[in-house]
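Chemist: prediction below, plus the sequence it came from.
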Amino acid sequence: MSFDYIVSILGPMLEGAQMTILLFLIAIAVSIPLGFLLTLAVRSRFKTLSRLAQTYIYVMRGTPLLLQLLFICFGLPMIPVIGEYLVLDRFVAACLGFILNYAAYFAEIFRGGLLAIDKGQYEAAQVLGLNKFQTMTRVILPQMFRIALPAVANESVTLVKDTALLYAVAVPELLHFAETAVNRDFTIAPFLVAGIIYLIMTLILTMFFKWIEKRFNFA
């Protein structure tokens, strides 16, 4: 495994890594707020809305992400009558699949954070004369995010690794270029390089979340 060979394959693999990073950023930016909305829906007084949200979370967490990606990419276009209108660009379909899947996981994380808050916090806010909105935004949510942050960090790292599933729906990401190089050159070196790139990405993300913990005195 010469240095020149590593340099020759590094360009295409970094191009694939850009796709990986783009998917991660889109998925994390949309799935976290969507997950929080799902948490509120689960806790809603409207039983129908709560049950729908619970069912959605159960289905998305109870079925493989790969199956969901394949269904969105290849299954939706096969639906009678409306299928032709559900044909999506592969990357768009993959983003949709990741967002819908991870929103369910973040919803459970946030729900756990809310359940971990002592009921006395609500009573104290009421004594101070805070209304429900003020109680939620000034008292409950800051504590919820503090409690949920370690789990959010872990789930975010998992999301980076799960982007490798793009390979299964023919989106040219990091693993795609590694596999192409392995098949072309009959060497496992591209897999090792891909592994190092994934490790670097997860390391940067881990350090980012540790900085957030220290910045807000969470650690």
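Modeler: Thanks, I have the structure now.
Chemist: burial measure for Ala189, as a count.
Modeler: 16 (other CB atoms under 10 Å). Backbone N, C-alpha and C define where each C-beta goes, glycine included.
Chemist: contacting residues around it?
Modeler: Going by CB atoms under 8 Å, 6 or more residues apart in numbering, Ala189 touches 1, 5-6, 9, 181.
Chemist: can you map out the helices along this structure?
Modeler: Using DSSP state H, the helices of the chain run over 3-42, 47-62, 65-70, 90-115, 119-127, 132-134, 141-162, 174-185, 189-215.
Chemist: write the PyMOL selection for whichever of the contacts of Ala189 are buried.
Modeler: To isolate the buried members of those in PyMOL, using 16 or more other CB atoms under 10 Å:
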select buried, resi 9+181
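Chemist: pLDDT check: weakest of the contacts of Ala189?
Modeler: Lowest pLDDT of these: Met1, 59.
Chemist: where's the residue of the chain most remote from its centre relative to Met136, distance?
Modeler: Ranked by distance from the centre of the chain (CA atoms, centre = their mean), the top residue is Val127, with 38.2 Å. For Val127, the distance to Met136 equals 16 Å [CB to CB, to the nearest Å].
Chemist: kindly report the same for Leu96.
Modeler: 29 Å.
Chemist: the two: who's more crowded?
Modeler: Remark: of Leu96 and Met136, Leu96 carries more neighbours, 19 against 16, as counted by other CB under 10 Å.
Chemist: which residues are in contact with that one?
Modeler: By CB under 8 Å, 6+ apart, Leu96 lies in contact with 72, 88.
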